[in-house]
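**Q** Only the shape, not the letters, is given here:
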């Protein structure tokens with residue numbers, strides 16, 4: 001069974017940047033969809049970003065973003081490393097949450113992002 005392992009979380013000042021990584025233990029299909037979700041204390045888990053890759057080439061990938069992160073976050077992949085990244089810029093205190101990587105029914109354990117005001 002595939003395992004997803006996130007890393008890259010931490011504490012950052014408002015306006016700062018972080019890059020999250022999600023390493024997939026196996027990649028059996030060249031076409032896939034992976035996403036990032038987040039859950040803040042007392043709130044439901046919400047969608048952040050997703051990438052759909054086709055044919056093993058990021059040239060044919062498409063991305064989606066939540067309105068709250070458009071223009072600030074970028075999702076991209078390194079297929080050679082089976083890794084999906086989430087580059088987060090211009091971070092706000094409202095971005096504070098545990099960030100989870102997802103692929104189908106598989107979820108990572110999450111990585112904490114804290115943005116200090």
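**A** Sure thing, it's come through. Worth saying up front: this structure is predicted, and the values here are computed from it rather than measured. Numbers count the residues shown, from 1 in each chain.

**Q** drop to CA atoms for contacts and neighbour counts, all remaining ones
**A** Fine.

**Q** hey, where'd the strands end up in the protein?
**A** Counting by DSSP state E, the chain has strands at residues 4-7, 10-13, 18-24, 32-39, 46-54, 57-65, 73-78, 83-88, 97-103, 106-107, 111-116.

**Q** between the fourth one and strand 83-88, how many degrees?
**A** Here the directions of strand 32-39 and strand 83-88 differ by 40 degrees (axes from the mean of the first three to the mean of the last three Cα atoms, to 10 degrees).

**Q** partners of strand 32-39 in the sheet?
**A** strand 46-54 (antiparallel), strand 97-103 (antiparallel) (DSSP bridges).

**Q** distance between it and the chain's centre?
**A** Computed by Cα atoms, centre = their mean, to the nearest Å, the chain-centroid distance of strand 32-39 equals 6 Å.

**Q** still on that earlier bit, can you lay out the strands of the chain as a markdown table showing mean neighbour count and mean pLDDT?
**A** Shown next, in a markdown table, are the strands of the chain (neighbours: other Cα atoms under 10 Å; pLDDT from 0 to 100):
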| stretch | mean neighbour count | mean pLDDT |
| --- | --- | --- |
| strand 4-7 | 21 | 93 |
| strand 10-13 | 15 | 98 |
| strand 18-24 | 21 | 95 |
| strand 32-39 | 20 | 92 |
| strand 46-54 | 20 | 91 |
| strand 57-65 | 14 | 77 |
| strand 73-78 | 19 | 91 |
| strand 83-88 | 20 | 95 |
| strand 97-103 | 23 | 96 |
| strand 106-107 | 16 | 92 |
| strand 111-116 | 20 | 98 |
